[in-house]
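Trainee: my questions concern the predicted model and sequence given below.
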Amino acid sequence: METKKTGKRSFYCQRAALSPINGGILLMVIVLLAMLVANSPWSEAYLNFWDKRVYLQVGDFNLFNHHGHPMTLMTFINDVLMTIFFFSVGLEIKREILVGELSSFRQALLPIIAACGGMLLPVIIYYMITKGTQAENGLAIPMATDIAFSLGILSVFGTRVPIGLKIFLAALAVADDLGGILVIALFYSSEIHLLYLGLSAVCVAVMIAGNLMNVRTKTFY
């Protein structure tokens, strides 16, 4: 009997050693390390690391250019990699709205209602803490939900988490982020750039036209 238990334990140890690293666990480990380093004597080196310049240059033209200056590593992640991430999440949400967990109005409404609560409650708590201080103007900061981190945490539990919960959280986080962006645009903007709004409208029109013409390649979008 003891031999069987030992053999079984050895099998599970080997299986755990050979299994791929869970992305959620890796994410939490990296976040913990980042928090420790950022609050350590190496914090200055840590912050300087995110200010490293990123180049993809052909002649004098740098593709990773931001307002006439090369992107920093932080800007590259926020403006390039996160664009790809949100595109992938958006496609998943659209599929669920058309044929999946969010295909009915009642199911789609639930994440939106939850997102409203997810925006209002953090704002109220933030206001109560910062009332009367200079930080009071940062009410929009706690509004958005970190989609990547939230989904990463859920991935720790693997198949034990129902797909419906993952879709609900993704839809909630997207609605939450959109709400935060709208608040920033309406209450924190100093001016409106009509040229950029016009170019954005043209891009949206092109994508709508591609959708109506049954263009399905992701590269186009």
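Mentor: Perfect, thanks for sending it.
Trainee: least trustworthy helix or strand in this structure by mean pLDDT?
Mentor: Between all helices and strands in the chain, the lowest mean by mean pLDDT, DSSP states H and E belongs to helix 2-18, at a mean of 46.
Trainee: what segments of the protein are strands?
Mentor: When assigned using DSSP state E, the strands of the chain occupy the ranges 53-54, 57-58, 61-62, 65-66, 69-72.
Trainee: ok, which of these comes nearest Pro122?
Mentor: The minimum distance between Pro122 and these falls on strand 69-72, with 27.7 Å, by CB to CB. All C-beta spots, glycine's among them, are computed from the backbone N, C-alpha and C.
Trainee: hey, C-alpha coordinates of that closest one in PDB?
Mentor: What follows is strand 69-72, C-alpha atoms only, in PDB (Å, rounded to 0.1, in the frame of the first residue of the first chain):
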ATOM      1  CA  HIS A  69       9.800  61.100 -29.700                       C
ATOM      2  CA  PRO A  70      10.700  57.400 -29.500                       C
ATOM      3  CA  MET A  71       8.400  55.400 -27.400                       C
ATOM      4  CA  THR A  72       9.500  54.300 -23.900                       C
END
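Trainee: that strand: which residues count as buried?
Mentor: The neighbour-count check on strand 69-72 (16 or more other CB atoms under 10 Å) flags Pro70, Met71, Thr72 as buried.
Trainee: roughly how far apart are Trp42 and Val29?
Mentor: As judged by CB to CB, to the nearest Å, Trp42 and Val29 stand 17 Å apart.
Trainee: which one of the buried residues of strand 69-72 sits closest to Ile97?
Mentor: Proximity of those to Ile97 (CB to CB) peaks at Met71, which lies at 33.0 Å.
Trainee: isn't the closest one up against Asp79?
Mentor: Yes - checked against CB atoms under 8 Å, the pair Met71 and Asp79 is within contact range at 6.8 Å.
Trainee: so what sits against both of the two?
Mentor: When contacts are counted by CB atoms under 8 Å, 6 or more residues apart in numbering, the set common to Met71 and Asp79 is empty.
Trainee: low pLDDT regions in the protein?
Mentor: 1-22 (pLDDT under 70).
Trainee: give me that answer again for 80
Mentor: Low-confidence regions of the chain, defined by pLDDT under 80, span residues 1-24, 57-60, 66-68, 101, 144-161, 163.
Trainee: tally of neighbours for Arg216?
Mentor: When neighbours are counted by other CB atoms under 10 Å, Arg216 registers 9.
Trainee: okay, the strands of the chain in JSON lines with distance to Gly24 next?
Mentor: Putting these into JSON lines (distance: least, CB to CB, whole Å) gives the following:
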{"stretch": "strand 53-54", "distance to Gly24": "27"}
{"stretch": "strand 57-58", "distance to Gly24": "36"}
{"stretch": "strand 61-62", "distance to Gly24": "35"}
{"stretch": "strand 65-66", "distance to Gly24": "31"}
{"stretch": "strand 69-72", "distance to Gly24": "27"}
